[in-house]
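*Asks:* Sequence unavailable; structure follows:
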């Protein structure tokens, strides 16, 4: 059978290699490599034909040749990537070394081959160490170039400080960045040429089994960039901050944190994800290294940002902290979709879960604050009722607090999110929670009203606080939550307290003015009317002196009460005086017994409820 082209090529290679092999083993080895590189299918046959039983010797010669070429790069002091030609040659040599190791690994049961492979692995390790060093140098140099040249949407576009002058001090604080409102930014952290060089290195390191080392080198360098970026936004993190956690619970620190986490999740991390993918590539072989690198770059800063939020969630549940926690809750909730997308791989799963966990703990803290508000109302002592029956500070505090809280749409979401069955102990909806707090407040006010000895003053106290509650609820988000029926019931209760006030305060004096229609003698009738008038003068004087020191905070309510009192008292008093003046036995001496004219009574009624509407400067 005629020889094929493949067989002719093998024969030629055998002849040349044997001829040269007698005088120059290194050159013979080079010839073998040249022929095997023409066609990968010839490698195995060439080695079988030419090496015979002396595979170790052939491999030894091959390694010596590669070692000579690689060693000159491993020993130089200057970066290899300072010269693109040197970088390309070095990578070619590394590729050849990897190919030789892979090719000869099938003959590892040969002791001579195993010994050579051990040398090859040592040489490969040295190459990987040098590639790792070059990798770090490229990132550092590329980052500096990109920062110097950045414009517009680049890193310099928002991390520049307000003061560009160099004051000569190296230990000044990192300048805070300009505020950013548009998060549609992509950071070009490294030049494209540098990214291409990094990709070539990463591809070799991953192929050689050094993917973790490459990821660590990458993440170490890029993590520093993120930390500096967050510092320039004013957020130092809990680990780097000298302030204790409780000092971070203020509006300024929370504002810095909100700015930092939005920039991190909306700008920094997506840009880092893009850079990771470009450096490590999109192939299945490098995907794991890219995911691992991205996780390691973001891990520390993400945990510091989430730990800050977690610290807010785990802090005191004092009602005044509600709005701070809501700010943090809203920031985390708004960013959860970004967390889901960014941290979707297996390495970042714990970061995604931690973000969700912090969000849930913030919600629990908010709901816990409302439980604490109930407890504070219950604990407010009953003896703390204010003088004059005025508006109690706790009523003012609770109603203003609830109005401000319910103006935040997020608050209802907090309670609704807990009703979807995701929580082991779901609470009630926000309207139910608010209704319950209002009931607790009303019960507390009723207890306080009982401390007044005068039932009329007790009714005034309940009228004041009831009217204030209704006014705060009407036309507000709070009213929408409680509903019209609730408002009508509360308004009806205020009217009932008004009726109770009238009965306990003015019905007694009205009874004094009642006229006896029985046929009494003139002397007896005169004496009875004079006694009644004397009693009226005394009672009215006492009532006026007392109730002029009472308080009605609402001007409309105050006028309603005065009109109601005048409408009841004046007709009865006018009728009484008419009867009194008509008595023959009294006659011209009647004015001596009348202390208050109709006009006097009107004026006194108009001077009722002149005290300050709110007693005390705050909640007792």
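*Replies:* Looks like it came in fine. Predicted model only: the values in this text are computed from it and were never measured.

*Asks:* For the helix or strand containing residue 461, name the packing helices and strands.
*Replies:* Per DSSP states H and E, residue 461 falls inside helix 455-473. Secondary-structure packing of helix 455-473 (3 or more CB pairs under 8 Å, 6 or more residues apart in numbering; DSSP states H and E): helix 393-406, helix 430-449, helix 477-482, helix 484-505, helix 555-581. The C-beta positions use only the backbone N, C-alpha and C, and glycine is treated the same way.

*Asks:* Please produce CSV containing those, extended by mean neighbour count, mean pLDDT and distance to residue 190.
*Replies:* As requested, those are arranged in CSV below (neighbours: other CB atoms under 10 Å; pLDDT from 0 to 100; distance: least, CB to CB, whole Å):
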stretch, mean neighbour count, mean pLDDT, distance to residue 190
helix 393-406, 19, 95, 47
helix 430-449, 18, 94, 49
helix 477-482, 18, 92, 50
helix 484-505, 16, 95, 62
helix 555-581, 16, 91, 69
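
*Asks:* Indicate which one of the ones you listed is closest to residue 262.
*Replies:* Evaluated over those, closeness to residue 262 peaks at helix 393-406, with 23.7 Å, by CB to CB.

*Asks:* I'd like the helices and strands packed on helix 455-473 laid out as TSV, including distance to residue 205.
*Replies:* TSV is the format used below for these (distance: least, CB to CB, whole Å):
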stretch	distance to residue 205
helix 393-406	55
helix 430-449	55
helix 477-482	59
helix 484-505	69
helix 555-581	81
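
*Asks:* So for residue 416, which of these sits nearest?
*Replies:* Closest among the helices and strands packed on helix 455-473, using CB to CB: helix 430-449, at 7.5 Å.

*Asks:* Give me the contact list for that closest one.
*Replies:* For helix 430-449, the surrounding residues in contact (CB atoms under 8 Å, 6 or more residues apart in numbering) are 367, 370, 373-374, 377-378, 380, 382-385, 392, 394-395, 398, 402, 406, 411-412, 414-416, 427-428, 458-459, 461-462, 465, 469, 478, 481-483, 486.

*Asks:* that older thread, which one, of the helices and strands packed on helix 455-473, ends up nearest to residue 62?
*Replies:* With respect to residue 62, and counting by CB to CB, the nearest of those is helix 430-449 at 76.4 Å.

*Asks:* Nearest to residue 110, out of the helices and strands packed on helix 455-473?
*Replies:* For residue 110, the closest of the helices and strands packed on helix 455-473 is helix 430-449, at 77.3 Å, according to CB to CB.

*Asks:* I'd like the distance between residue 610 and residue 139.
*Replies:* 78 Å (CB to CB, to the nearest Å).

*Asks:* out of these two, which sits in the more crowded spot?
*Replies:* Neighbour count, other CB atoms under 10 Å: between residue 610 and residue 139, residue 139 has more, with 25 against 14.

*Asks:* Name the helix or strand for that one, please.
*Replies:* Secondary structure from DSSP H and E places residue 139 in helix 111-149.

*Asks:* what mean pLDDT does that helix have?
*Replies:* Taken as a whole, helix 111-149 has a mean pLDDT of 83.

*Asks:* Can you name every helix or strand that it contacts?
*Replies:* Counting contacts by 3+ CB pairs under 8 Å, 6+ apart, helix 111-149 is packed against helix 55-74, helix 84-104, helix 156-159, helix 192-207, helix 211-232.

*Asks:* counting contacts, what elements does the second one pack onto?
*Replies:* In this case it means helix 84-104. By 3+ CB pairs under 8 Å, 6+ apart, helix 84-104 packs against helix 55-74, helix 111-149, helix 192-207.

*Asks:* what does that helix contact?
*Replies:* Contacts to helix 84-104, defined as CB under 8 Å, 6+ apart, come from residues 33, 43, 55, 59, 62-63, 66, 69-70, 73, 80-81, 113, 116-117, 120-121, 123-124, 127, 131, 134, 197, 200-201, 204, 207-208.

*Asks:* where do the helices sit along the stretch 251-400 of the chain?
*Replies:* Using DSSP state H, counting those that start in this stretch, the helices of the stretch 251-400 of the chain run over 251-263, 269-280, 284-313, 322-342, 349-379, 393-406.

*Asks:* looking at these, which is closest to residue 558?
*Replies:* Closest among the helices of the stretch 251-400 of the chain, using CB to CB: helix 393-406, at 17.2 Å.

*Asks:* now the closest one: how far from the chain's centre is it?
*Replies:* Here the centre of helix 393-406 is set off from its chain's centre by 24 Å, with CA atoms, centre = their mean, to the nearest Å.

*Asks:* any idea which helix or strand comes after it?
*Replies:* Next element after helix 393-406 (DSSP H and E): helix 409-417.

*Asks:* for that following helix, what is the average pLDDT?
*Replies:* 90.

*Asks:* count of neighbours near residue 234?
*Replies:* Other residues near residue 234 come to 17 when the count uses other CB under 10 Å.

*Asks:* do the same with residue 409
*Replies:* 9.

*Asks:* what separates it from residue 430, distance-wise?
*Replies:* In terms of CB to CB, residue 409 sits 10 Å off from residue 430.
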